[in-house]
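Undergrad: Can you look at this prediction? I've put the sequence above it.
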Amino acid sequence: MSRMYPHTVTVWRRSEDGRDVTWESSTVAGARLMATAGRNRAVSGDASGDTVTLLLDGEPVALAPGDRFALGASDADEPPADAHTVTRVSPVRLGASVHHLEVGGA
């Protein structure tokens, strides 16, 4: 495992069928999880500015907004309450190939 991507994460892909939601989980090694805590001042009071960025090395993992992820390996069928929700997925390319995947979360 590289020092740049030292973490293991579990991702849960969301599937919907009408009102039914199911989750498919997988464990991914070669990840880097970076959390930033912040506060945004607003007219009606402060708003949370906490963000999480997940970098995934190597082969891109098929993630989409609404999927979930958490630090560590888990065999849970559904994401825990403290799992992060995927808000954006951006492949970062070096030349024609994808170098890593950048995933934003809340």
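TA: Perfect, thanks for sending it.

Undergrad: For A64, give me phi and psi.
TA: phi -140, psi 160 (degrees, to the nearest 10).

Undergrad: can you pull the contacts of it?
TA: Shown in contact with A64 (CB atoms under 8 Å, 6 or more residues apart in numbering): 13-14, 86, 89. Bear in mind the C-beta positions are built from the backbone N, C-alpha and C, glycine included.

Undergrad: what's the closest of those to D75?
TA: Nearest to D75 out of these is R13 (CB to CB; 15.4 Å).

Undergrad: Name the nearest residue to the closest one, ignoring sequence neighbours.
TA: Excluding the flanking residues, the one nearest R13 by CB to CB, 6 or more residues apart in numbering is E24, at 4.7 Å.

Undergrad: the strands in the protein, which residues?
TA: Using DSSP state E, the strands found in the chain span residues 7-17, 20-36, 39-40, 47-48, 51-57, 68-71, 84-94, 97-105.

Undergrad: The contacts of A64: which two are farthest apart?
TA: Taking CB to CB as the measure, the contacts of A64 span a maximum distance of 13.0 Å, between R14 and V89.

Undergrad: what about T22, distance to G30?
TA: For T22, the distance to G30 equals 26 Å [CB to CB, to the nearest Å].

Undergrad: which of those two has more neighbours?
TA: Under the criterion of other CB atoms under 10 Å, the comparison of T22 against G30 puts G30 first, with 18 against 12.

Undergrad: neighbouring contacts of stretch 51-60?
TA: Residues from elsewhere that reach stretch 51-60, judged by CB under 8 Å, 6+ apart: 2, 4-5, 9, 28, 30-36, 38, 69, 84, 91, 98, 100-106.

Undergrad: Emit the ChimeraX select command for whichever of those residues are buried.
TA: Buried residues among the contacts of stretch 51-60 (16 or more other CB atoms under 10 Å), as a ChimeraX selection:
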select :5,9,28,30,31,32,33,69,84,100,101,103,104,105
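
Undergrad: How many residues are close by T85?
TA: 15.

Undergrad: Return the set of residues that bridge with it.
TA: Per DSSP bridges, the residues bridged to T85 are R68.
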